[in-house]
Each structure stands twice: as C-alpha cells, then as structure tokens.
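Colleague: Output the structure for:
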Amino acid sequence: MPGAKIKKKFFDNKIFCRHCNWRFKAVDRIDGYAWTCARHGNFEDDCGTRSYTNQEICDAFINVYNRLKQNEKVILDETIYQLQTLKSRVSGGNEAIIEIDKQIAALSEQKRLYSELYRSSVIDEIIYTENTDSLQGQITELRARRLKILNEDEEENCIEELRELKRLLQTFPESICEMREDIFDSIVEKIYIEENGAIMICLKCGLELKSEV
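Modeller: This is a model prediction of the structure:
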C-alpha cells in the first residue's frame, strides 16, 4: 500500500499552505491522523484549506515523480535549454565557467593518463601519487572557484540545479508504486497546498509540479 512504510509524521514541516503560508500540522483522528493548516480553527479569519490524509500526500508525490521520470526530456531538458538560450542572449554565457570547465576536463584527462601509466607499470607509485595528488588539488581549487561563481550567478545556479536533478533521477527507478522517503528527501524542497485544494510538489531545483491525483 503506497505510503504505508514511511515514518510516522514524515511530512512534518514539509507541507505549507499557499493561502496563508502557515505550515500544515498532523491532527490525530480515529483512523490515524491527517494534515491540516495550523491556522485552521485558531483565528477569526479561519483558513479554509482542506485537510489531507497521509495517503493522499504520498499518492501526490508518487504521481509527480512518475510523471517527471516519464517526461524528463520535456520538463528538464527543455527548461535547461530555454534558460541557457536566455542567458546567452542576455550575457553571451559565463565565459569564466566555460574556461574553468575546460581546465577541469584537461586536468581530469591528465589524471586518467597517469592512472593508465601506473597500471601499465610505466611509472612507479611515488610518481603516480605525487602527480595525481597535485592534479586533484588543482581540480578541487577550480571547482571551488566554479561554485563561487555559480553562487553569484542566479541563472547559472538554476541551470546547475536542474542538471543535478537530472543526475539524481538517473540513479532512481523509472517508476514507483509506493512512497520512497530517500527519493523525496533528495529532490523535494517542500509541498504547497493551493487555495483550490491542489497539491503542488516544489523541487529543490525550483520547479513546481502539480499532482494530478
């Protein structure tokens, strides 16, 4: 049964009301508990957003995840392409990032060659270790510079987060039929309950996808 194996109140501090921006809290019921806006019943201008069972929240995530996997190229690749195109039109792309990526690729290739030479006994372990450690240090420094630039570049940071989501999705199954806490924690930032009752799954890359269940 979807959602049956998740920890009790797994969604605590993860569900928010779009109408009043309060978080949803778990309310005990005879048949278990339900998620309801914490503002409900506490103020004169009561929040009218409906409550949801744990099962409904789980089903919403399962629905969004499966659609995301099935339409990955349309949802992610197209979004990345559009952002890259817009960024290129506005600024011509980030030349610093492009140059750093070239340097990292060149250093990584040098590391690979040293590994082949060591495996073939052309060089000894001391030479191999000294050179690969030096190369790795340069790569680490370049990646730190790259991250600093990304943090200062909103569009590039967004593109990088979308790429990271693509990488994560490649490690996960094509579809799921029950709740997976590990997948949820890896890709979801929060859940919003809309005023019309719709469940919106907000991904860490900034995308928001509406559940169709």
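
Colleague: neighbours of Ile75, just the number please.
Modeller: The number of residues packed near Ile75 is 18, by other Cβ atoms under 10 Å. C-beta here means a position set from N, CA and C on the backbone, and glycine is covered the same way.

Colleague: Which strand or helix spans Val64?
Modeller: In this assignment (DSSP states H and E), Val64 forms part of helix 54-70.

Colleague: Strands along the protein, start to end?
Modeller: 15-17, 24-29, 32-37, 52-53, 188-193, 199-203, 208-210 (DSSP state E).

Colleague: Let's have these in a markdown table, adding mean neighbour count, mean pLDDT and distance to Ile126.
Modeller: Output for the strands of the chain, formatted as a markdown table (neighbours: other Cβ atoms under 10 Å; pLDDT from 0 to 100; distance: least, Cβ to Cβ, whole Å):
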| stretch | mean neighbour count | mean pLDDT | distance to Ile126 |
| --- | --- | --- | --- |
| strand 15-17 | 20 | 95 | 57 |
| strand 24-29 | 15 | 88 | 60 |
| strand 32-37 | 19 | 87 | 61 |
| strand 52-53 | 18 | 92 | 62 |
| strand 188-193 | 19 | 96 | 47 |
| strand 199-203 | 20 | 95 | 47 |
| strand 208-210 | 16 | 93 | 53 |
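
Colleague: Quick check: Leu107 vs Leu76, distance?
Modeller: Here the criterion is Cβ to Cβ, to the nearest Å. By it, Leu107 lies 28 Å from Leu76.

Colleague: hmm, back to that, go through the strands of the chain and name the closest to Glu174.
Modeller: Distance to Glu174, taken as Cβ to Cβ, is lowest for strand 208-210 among the strands of the chain, at 17.1 Å.

Colleague: ok, and what's touching the closest one?
Modeller: Residues outside strand 208-210 that contact it (Cβ atoms under 8 Å, 6 or more residues apart in numbering): 64, 67-68, 75, 192, 198-203.

Colleague: and if you look at stretch 128-141?
Modeller: With contacts defined as Cβ under 8 Å, 6+ apart, stretch 128-141 is touched by 103-104, 107-108, 110-111, 114-115, 117-118.

Colleague: Of those, which is the nearest to Cys47?
Modeller: Nearest to Cys47, judged by Cβ to Cβ, of the contacts of stretch 128-141 is Ile104 at 49.7 Å.

Colleague: Now for the closest one: which residues touch it?
Modeller: Contact analysis of Ile104 by Cβ under 8 Å, 6+ apart lists 139, 142-143, 146.

Colleague: most surrounded residue in these?
Modeller: Highest neighbour count within those: Arg146, with 20 neighbours (other Cβ under 10 Å).

Colleague: measure the closest residue in space to Lys166 that isn't next to it in sequence to Leu169 for me?
Modeller: Leaving aside its sequence neighbours, Lys166 sits nearest to Leu76 (Cβ to Cβ, 6 or more residues apart in numbering; 5.5 Å). Separation of Leu76 from Leu169 (Cβ to Cβ): 8 Å.

Colleague: biggest helix in this structure, by residue count?
Modeller: Criterion DSSP state H: the longest helix present in the chain is helix 125-151.

Colleague: Centre of the chain to that one, how far?
Modeller: When C-alpha coordinates are averaged (Cα atoms, centre = their mean, to the nearest Å), helix 125-151 and its chain have centres 26 Å apart.

Colleague: Residue numbering should commence at 7 henceforth.
Modeller: Yep, numbering from 7; the last one is helix 131-157 now.
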